[in-house]
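>>> no sequence for this one, just the structure:
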């Protein structure tokens with residue numbers, strides 16, 4: 001990234017699959033958006049959030065405004081395969097986020113291990129490069145209830161599966177990116 005936070009287009013090419021992982025409000029989504037933008041391809045945002053209340057509706061509306069008109073948004077709380085098929089194969093895709101997708105699948109009663117395997121296989125076959133945003137939920141305390149522990153464990157497994165297939169894995173903490181796998185784009189620190 002340059003001093004202004006933009007990536008140099010002459011030195012950046014997205015791998016087929018990138019994972020951007022970090023805690024809540026770490027800056028991971030903002031970084032993922034910059035990665036996709038820097039690819040200089042048509043941009044598609046696959047949104048997994050669902051607006052169940054006014055606060056979430058406002059948050060989603062703000063994200064749409066912040067991204068601007070150069071993004072195509074596809075809402076896909078659970079069906080990522082269909083959303084990927086609707087994307088421009090010459091474009092670049094941002095899936096934000098795997099954590100909300102997984103919680104949607106859990107609440108819908110899906111087999112999380114099978115759903116996670118299917119998601120990773122689907123991402124690996126995308127003709128367009130995909131940047132996946134996900135939360136790191138395993139650095140905190142052990143949750144006190146079984147549902148929260150089930151989710152935390154499933155999220156950790158999903159992150160590992162995506163990371164294993166990704167050509168680039170970036171951790172984000174306090175807005176700062178660090179390479180976990182692969183090489184950060186030129187000047188990313």
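Arrived safely, thanks for sending. Fair warning: this is a prediction, and the values are worked out from it, not measured in the lab.
>>> does the residue lying farthest from the centre of the chain count as helix, strand or coil?
The C-alpha centroid of the chain is most remote from residue 144, which lies 27.0 Å away (C-alpha atoms, centre = their mean). When classified by DSSP: H, G, I helix; E, B strand; the rest coil, residue 144 comes out as coil.
>>> any idea how far it lies from residue 138?
16 Å (C-beta to C-beta, to the nearest Å). C-beta here means a position set from N, CA and C on the backbone, and glycine is covered the same way.
>>> count the neighbours of the residue lying closest to residue 135 once chain neighbours are set aside for me.
Nearest non-adjacent residue to residue 135, counting by C-beta to C-beta, 6 or more residues apart in numbering: residue 99, 4.1 Å away. The number of residues packed near residue 99 is 21, by other C-beta atoms under 10 Å.
>>> now do residue 99, the pLDDT please.
Residue 99 carries a pLDDT value of 97.
>>> list the contacts of the residue minimising distance to the centre of the chain.
For the chain, the residue nearest the mean C-alpha position is residue 133 (1.9 Å; C-alpha atoms, centre = their mean). For residue 133, the contact set (C-beta atoms under 8 Å, 6 or more residues apart in numbering) comprises 20, 21, 28, 29, 32, 94, 95, 96, 97, 98.
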